[in-house]
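In: below are the sequence and a predicted model for it; my questions follow.
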Amino acid sequence: MKNHCKCKQLKDIRSKKCKICYLKNIKGKNHPNWINGISKSLYPSKFNRELKKYILKRDNCICQLCNRTQKSEIGEFNSKLPIHHIDYNKKNCNKDNLITLCHRCNTKVNSNRNYWYVYFIYIMEEK
């Protein structure tokens, strides 16, 4: 099998690129979650400490996916539970579009976004 990059070490036996070249090519527009560079946009001023505090309190300072507590999140990551935008739109700071997740779950929900969008809409309707 011909190696298409200049590196000699392939990612695996079926790969045509080494791991480094493979990872270089899945950034930006080539990444499966790419949405016209929306991740580079800044959060609006509405997405502030008071709003995040309200969402945390509403969700009892618990990840709404795995039930991890804020205390355990601070212990492991030295950080509060993040607030997730259900529709993945940073500008939509409607309280019904925000939900508390732990860092692990917040990372997890960045793939298969359509599934997680529907899932969290259902959770919010149950509240």
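Out: Okay, I see it.

In: so what's Cys61 closest to, chain neighbours aside?
Out: Gln70 (3.9 Å; C-beta to C-beta, 6 or more residues apart in numbering). Where C-beta positions appear, they are placed from N, C-alpha and C, glycine not excepted.

In: any idea how far Cys63 is from the one you found?
Out: From Gln70 across to Cys63, the span is 9 Å (C-beta to C-beta, to the nearest Å).

In: same question, Lys127
Out: 15 Å.

In: which one's more surrounded, these two?
Out: Cys63 (23 against 9; other C-beta atoms under 10 Å).

In: do you know how far the more buried one is from Lys91?
Out: Taken as C-beta to C-beta, the span from Cys63 to Lys91 is 24 Å.

In: in this structure, which spans are strands?
Out: Using DSSP state E, the strands of the chain run over residues 83-85, 98-100.

In: buried ones in the lengthiest helix in the chain?
Out: Longest helix in the chain, counting residues (DSSP state H): helix 113-126. Neighbour counts over helix 113-126 (16 or more other C-beta atoms under 10 Å) mark 116, 120 as buried.

In: and that helix, what does it pack onto?
Out: Here helix 113-126 touches strand 98-100, going by 3 or more C-beta pairs under 8 Å, 6 or more residues apart in numbering; DSSP states H and E.
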